[in-house]
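Enquirer: Generate coordinates for the sequence data below:
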Amino acid sequence: MDKKKVIAPLVCHGHSRPVVDLFYSPVTPDGFFLVSASKDSTPMLRNGETGDWIGTFQGHKGAVWSCCLDKYAIRAASASADFSAKLWDALTGDELHSFEHKHIVRACAFSEDTNLLLTGGMEKVLRVFDLNRSDAPPRELEKSPGSVRTIAWLHSDQTILGSCTDMGGVRLWDVRTGTIVRTLETKSSVTSAEVSQDGRYITTADGSTVKFWDANHFGLVKSYDMPCVVESASLEPKYGNKFIAGGEDMWIHVFDFHTGEEVGCNKGHHGPVHCVRFSPGGESYASGSEDGTIRIWQTGPSNNTEQEGSSTVKDVSEEITREIENVHISSPQEDKTADVSDNPTNQKATENE
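Expert: Here you go, the predicted model:
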């Protein structure tokens with residue numbers, strides 16, 4: 001514990017009550033964005049890289065439990081205790097539509113093709129709204145056995161997964177038939193369920209355990225015991241070599257995906273951590289807490305620490321490569337080789353922008 005580096009985060013103020021959900025957009029031509037849900041009833045949109053505030057969505061009259069952006073970051077959605085889910089214009093902040101429910105709405109999610117909005121909550125009903133026909137009645141899937149806590153799409157919108165607040169397990173619905181076809185068993189209630197960016201894994205947090213499931217065959221791949229009760233977990237999206245978890249102890253824990261060893265531990269929040277999410281490129285991750293703040297942590301320093309062990313091997317291989325190039329390549333061509341080697345760096349910089 002003493003050797004682990006403490007990283008100073010970017011602290012994002014603005015919410016007056018606990019932050020209970022975070023969602024990153026994919027990378028768009030304008031960058032990537034972060035939307036947050038809070039019990040103060042006002043979801044907020046931020047620049048995903050800097051944490052700078054962009055706007056606040058005004059209109060809910062109760063706590064907002066969930067929020068999301070479509071893949072173009074053009075529209076946002078939110079689920080609230082005021083018995084509604086709302087669709088927003090993420091460019092102007094205008095409310096586009098309010099989908100009324102009969103009880104608290106705990107979760108919402110855009111389909112991958114962005115044409116559908118999925119909602120779930122205390123009614124124990126999953127509803128699919130057609131955003132091209134906002135006034136049309138929603139399609140209702142087979143009833144959930146308990147109050148819905150989390151929902152997500154996978155398999156190119158062919159499957160829906162959901163967890164309950166009052167019982168363990170993650171249930172999978174076949175979208176074509178609308179029925180539950182499988183349950184991933186957990187001892188405790190699943191408070192966080194995330195589908196990895198490459199579609200390979202489902203990451204779940206239940207009690208003091210983080211589990212990784214094969215998203216195609218649904219077998220349990222890895223299960224790790226956590227140092228405390230955790231409420232949320234997220235897998236690094238680019239390399240898949242580490243994951244983060246946050247919960248009751250107010251710390252953000254970083255673990256090696258392959259071994260489960262803790263490789264980092266960052267403190268800054270003054271209340272339990274309710275949600276953690278990696279940015280789409282994996283260069284940072286955000287945490288939301290009972291203290292009303294969002295903190296964005298850079299992964300750069302911990303990356304360097306993790307790679308120290310393998311850096312010697314890389315250095316040796318690079319030296320051998322350079323020696324071979326020096327033997328076979330004359331000086332004019334070396335200049336060309338240098339130009340080529342610069343290109344990947346430039347490409348990365350463009351991607352990060």
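
Enquirer: For the closest residue to Gly260 other than its chain neighbours, give me the pLDDT.
Expert: Excluding its sequence neighbours, the residue lying closest to Gly260 (C-beta to C-beta, 6 or more residues apart in numbering) is Tyr224, at 4.0 Å. For glycine as for every other residue, the C-beta is placed from the backbone atoms N, C-alpha and C. Tyr224 carries a pLDDT score of 98 in this model.

Enquirer: Thr183 too?
Expert: Looking at Thr183, the pLDDT reads 97.

Enquirer: What distance do you get for it to Gly168?
Expert: 9 Å (C-beta to C-beta, to the nearest Å).

Enquirer: just Ala152 next, same as before
Expert: Ala152 is 17 Å from Gly168, where distance means C-beta to C-beta.

Enquirer: Which strand residues bridge the spatially most central residue of the chain?
Expert: A centroid search over the chain (C-alpha atoms, centre = their mean) returns Arg277, at 4.0 Å, as the residue closest to the centre. Taking DSSP bridges, one obtains Ala286 as the residues bridged to Arg277.

Enquirer: how many other residues sit next to the residue nearest to Gly260?
Expert: 19 (other C-beta atoms under 10 Å).

Enquirer: quick one: low-confidence parts of this protein?
Expert: Low-confidence segments of the chain (pLDDT under 70): 1-7, 300-353.

Enquirer: Could you pull up the residues touching the nearest residue to Leu69 once chain neighbours are set aside?
Expert: Excluding the flanking residues, the one nearest Leu69 by C-beta to C-beta, 6+ apart is Ser25, at 4.3 Å. Residues near Ser25 by C-beta atoms under 8 Å, 6 or more residues apart in numbering: Phe32, Phe33, Leu34, Val35, Gly48, Leu69, Asp70, Lys71, Tyr72, Ala73, Pro280.

Enquirer: What pairs with the longest strand belonging to the chain, parallel or antiparallel?
Expert: Once the chain is assigned using DSSP state E, the strand that runs over the most residues is strand 179-195. Here strand 179-195 has these sheet partners by DSSP bridges: strand 168-174 (antiparallel), strand 201-206 (antiparallel).

Enquirer: just checking, which of those strands sits deepest inside the structure?
Expert: The highest mean neighbour count among the strands paired with strand 179-195, using mean count of other C-beta atoms under 10 Å, belongs to strand 201-206: a mean of 25.

Enquirer: Can you give me every residue that contacts the residue nearest to Asn132 when sequence neighbours are not counted?
Expert: Leaving aside its sequence neighbours, Asn132 sits nearest to Asn115 (C-beta to C-beta, 6+ apart; 5.9 Å). By C-beta under 8 Å, 6+ apart, the residues touching Asn115 are Asp130, Leu131, Asn132.

Enquirer: For Trp251, state which of those is nearest.
Expert: Using C-beta to C-beta, Leu131 comes nearest to Trp251 of these, at 38.7 Å.

Enquirer: if I look at the closest one, how far off is Gly93?
Expert: Relative to Gly93, Leu131 is positioned 18 Å away (C-beta to C-beta).

Enquirer: more crowded one of those two?
Expert: Legend: neighbour count by other C-beta under 10 Å for Leu131 and Gly93, higher for Leu131 (19 against 16).

Enquirer: Quick check, the more buried one in contact with Leu117.
Expert: Yes. With contact defined as C-beta atoms under 8 Å, Leu131 and Leu117 form a contacting pair (5.8 Å).

Enquirer: For those two, list the residues in contact with both.
Expert: Common neighbours of Leu131 and Leu117 (C-beta under 8 Å, 6+ apart) are Leu87.

Enquirer: for the closest residue to Gln58 other than its chain neighbours, what are its contacts?
Expert: Nearest in space to Gln58, with sequence neighbours left out and distances taken as C-beta to C-beta, 6+ apart, is Thr42 at 6.2 Å. The contact partners of Thr42, taken as C-beta under 8 Å, 6+ apart, are His15, Thr56, Phe57, Gln58, His60, Val64.

Enquirer: any idea how far Thr42 lies from Ser287?
Expert: 19 Å.

Enquirer: Run through the strands of the stretch 51-200 of the chain in chain order.
Expert: 53-56, 64-69, 75-80, 84-89, 95-100, 105-110, 116-121, 127-130, 139-140, 148-154, 159-164, 168-174, 179-195 (DSSP state E, counting those that start in this stretch).

Enquirer: Let's have those in TSV, adding distance to Val263.
Expert: As requested, the strands of the stretch 51-200 of the chain are exported to TSV (distance: least, C-beta to C-beta, whole Å):
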stretch	distance to Val263
strand 53-56	31
strand 64-69	29
strand 75-80	33
strand 84-89	38
strand 95-100	42
strand 105-110	30
strand 116-121	34
strand 127-130	40
strand 139-140	44
strand 148-154	26
strand 159-164	27
strand 168-174	27
strand 179-195	20
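
Enquirer: Great, nothing more from me.
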